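In: A predicted structure for the sequence below; I have some questions about it.
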Amino acid sequence: MPKKITIEPVTRVEGHGKVTIQIDDFGNVRDSRLHIVEFRGFERFVQGRPYWEAPVLVQRLCGICPVSHHLAAAKALDVIVGAGTGTGLTAVGEKMRRLMHYGQFFQSHVLHFFHLSAPDFLFGIDGDPLVRNIIGIAQEHPDLAVQGVMMRKFGQEVIRLTAGKKIHGTGAIPGGINKNLSIAERDELLKGADPLNADKMVEWSVGALDFFKNYHKNNQEMVDGFASFPSNHLSLVREDGALDIYHGVLRAVDNDGKKILHDVDYQEYDKYIEEEVRSWSYMKFPYLKDLGKDKGWYRVGPLARLNTCDFITTPLAQKEFEEFKAYTNGKPNGMSLHMHWARLIETLHSAEVIRDLLNDPDLQNEDLVTKGSKLHKGVGVIEAPRGTLFHHYEINDLDQITLANLIVSTTNNNQPMNTAVNLTANAFMNGQREITEGMMNAVEVAIRAYDPCLSCATHAMGQMPLEVSLVNEANEIIHRRTK
Amino acid sequence: MKKPLKVLVYGYGNPGRQDDGIGNEMVDMLNEWIPEHDVSCIETDSNYQLNIEDAEKVSENDVVIFVDASKEDISEYKFSKVIPSGEKVEFTMHAVSPGFVVDLSKKLFNKTPDAYLLQIRGYEWDFKEGLSANAKLNLEQAYQFLTRKLSELSCIRVNKSINMLD
């Protein structure tokens, strides 16, 4: 009898989503979907508010990557206050924001790898779910668990000292920042007692990469074949093609590495990107207008960034990048689990950048803000840990926000996550008489690789876990799993 | 001579959701009270939610008091012991419970502080800042209770045995 599997909630992700998998009479997967079931409303909430409140208000979208929203909004408002489009800030203004952003990147990537994904690597996708979690790691691999905790703490301290608070800080303001980094604060991060210092973070980041590469070496077929599919990739890159998560131009490449979006100014993002609405999810499906919705969807995030950029500016990460690129002979990498490899290269890059920035005396400068002539529209784009994040605001003569449009990272990855779910459901469930917890976790592993922030993507309220259900062809639920 | 006790009061919640911010408000009040009293052994922290890395901070203290808003049908406030527990692993690792954090402190850092949870009854949870009138009254009573307890933990009285539930 045909059936439908429901996985709800998808675990070890942020937010509440569910997966439905439709299976026919012969046990073959007919269709699968990742549904986002909460409604968002932030674009409406901010309308009518004074524009300078936006960087503080919008970060309430998310307790996970508030810094990304804070900075994307601040960048959009830089344009509105006449401080230019990402390069008009003072040296201390730009570098403090970069330090804040790399601190956020570092702690977010660390949380994802050590606490959300490592349990699948260490205990197996079909491992005992009672052990396959952070407590299991703490018991079986305490050194790794302690590293994860301390690395995340370091990233949080970078955020606290640059943004004023660990969560929902106020460091970035339209046109600049409201504080610099004192020598004492700098030394706290640069020369902190072991292990809370920048050198140790670089060292541990190298160790985390080695851990993944070793796992890959021993499980190459699974890692390479798991939810591997061709796609386009989109991200910011610096104007010279370097990886840059704070500012740059928009670039997209296709599966062969050919540029399909040619380093364009993101102030005009709406000339190039369209969003499709589908009835079964509150999350939109963005695509490149020129290619249309069937061929124009793209991936964002760590894998996409390493597929679009030409090089990395820090030496240790660049060396790892070269190894990563060589694995696919320089072509874009479409293997979903290689997202973890890319994420760890970015973790190392972040640790190196943080160390370099801390040694930069510009951070102690006192010219914090740039002023200019006011405009009525501004777009801010940043690479959040999960991918490209767009903030677009328009204001009236009373300085009130009249329009806000946000395209968050997880929304950009909506079609890729659905593709990954479909491939994984086919690979693990086709022709199986019984659907096991391990098979359903495989579907979650595919989603988890993208590190989705579902609450952020829908601007949801409250608690948001994820669910998988098995339905028949009459759409009746046969089996449902809720976590 | 014994080392002075180290005490952490950790308030958590979202001040943008009215009474959910009651734990953070308590910490703000304590931050004014602490310098005026002989309690320099007491440290405070506040955040929107408890996180995994809080296990490290918790492990550095002898006594930890978590302060959180409660929707439960309790009187003005409720003070109880936190039992370390890693049994209930949440679907997300982005927010964890006091018992989970204390259990993680034990497993990762081999330290199990005496931990308590002070729950304060809240009533309104809309998208606004500021506590409801009734929550403010409960907070005031809970503050009187907590400062009395903390006074008993004066860092000078290092040999005093601790039983916060008395």
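Out: Received it, and whenever you're ready, just let me know what you need.

In: can you list the domain ranges for chain A.
Out: A:1-38+A:413-483, A:89-228+A:335-369, A:229-334 (automatic domain parsing).

In: I'd like the ones you listed as a markdown table, with mean neighbour count and mean pLDDT appended.
Out: (Glycine included, C-beta is placed from N, CA and C.) Below are the domains of chain A laid out as a markdown table (neighbours: other Cβ atoms under 10 Å in any protein chain shown; pLDDT from 0 to 100):
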| stretch | mean neighbour count | mean pLDDT |
| --- | --- | --- |
| domain A:1-38+A:413-483 | 21 | 70 |
| domain A:89-228+A:335-369 | 20 | 92 |
| domain A:229-334 | 19 | 95 |
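
In: need those in a markdown table with distance to residue A:44, can you?
Out: Compiled in a markdown table, these are given as follows (distance: least, Cβ to Cβ, whole Å):
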| stretch | distance to residue A:44 |
| --- | --- |
| domain A:1-38+A:413-483 | 10 |
| domain A:89-228+A:335-369 | 20 |
| domain A:229-334 | 14 |
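
In: between those domains, which one is nearest to residue B:12?
Out: domain A:89-228+A:335-369 (10.2 Å; Cβ to Cβ).

In: Point me to the residue sitting closest to the centre of chain A.
Out: residue A:386 (0.6 Å; Cα atoms, centre = their mean).

In: so that one sits right up against residue A:304, yeah?
Out: No: counting by Cβ atoms under 8 Å, residue A:386 stays clear of residue A:304, with 10.4 Å between them.

In: so where is chain B shaky, pLDDT-wise?
Out: For chain B, the stretches with pLDDT under 70 are B:1-2, B:86-95, B:154-166.

In: That one: strands as residue ranges?
Out: B:7-12, B:42-47, B:63-70, B:77-81, B:114-121 (DSSP state E).

In: nearest to chain A, of those strands?
Out: strand B:42-47 (6.1 Å; Cβ to the nearest Cβ).

In: Check what contacts that closest one and list those residues.
Out: For strand B:42-47, contacts defined as Cβ atoms under 8 Å, 6 or more residues apart in numbering or on different chains pick out A:166-167, B:6-12, B:23-24, B:27-28, B:30-31, B:34, B:54, B:57, B:61, B:150, B:153, B:155.

In: do the same with stretch A:239-250
Out: A:71, A:75, A:86-87, A:94, A:97-98, A:101-102, A:105, A:234-238, A:261, A:263-266, A:269, A:272, A:305-306, A:309-313, A:321, A:346, A:349, A:381-383, A:388.

In: Please indicate which of the contacts of strand B:42-47 are buried?
Out: A:166-167, B:7-12, B:23-24, B:27, B:30, B:34, B:54, B:57, B:61, B:150, B:153 (16 or more other Cβ atoms under 10 Å in any protein chain shown).

In: Would you mark the buried spots in the helix ranked longest in chain B?
Out: Criterion DSSP state H: the longest helix present in chain B is helix B:133-152. Across helix B:133-152, burial judged by 16+ other Cβ under 10 Å covers B:135, B:138, B:139, B:142, B:143, B:146, B:147, B:149, B:150.

In: pretty sure the fourth one contacts residue B:117?
Out: No: applying Cβ under 8 Å as the test, residue B:142 and residue B:117 come out as separate, 11.8 Å apart.

In: Now do the shared contacts for the two.
Out: residue B:67.

In: Report the next helix or strand after the helix or strand in which residue A:72 is found in sequence order.
Out: Here residue A:72, judged by DSSP states H and E, is contained in helix A:66-80. With elements assigned by DSSP H and E, the helix or strand that comes after helix A:66-80 is helix A:91-110.

In: what packs against the helix or strand following that next one?
Out: The helix or strand immediately downstream of helix A:91-110 is helix A:118-123, counting by DSSP H and E. On a contact count with 3 or more Cβ pairs under 8 Å, 6 or more residues apart in numbering or on different chains; DSSP states H and E, helix A:118-123 meets helix A:134-140, helix A:142-163, helix A:437-448.
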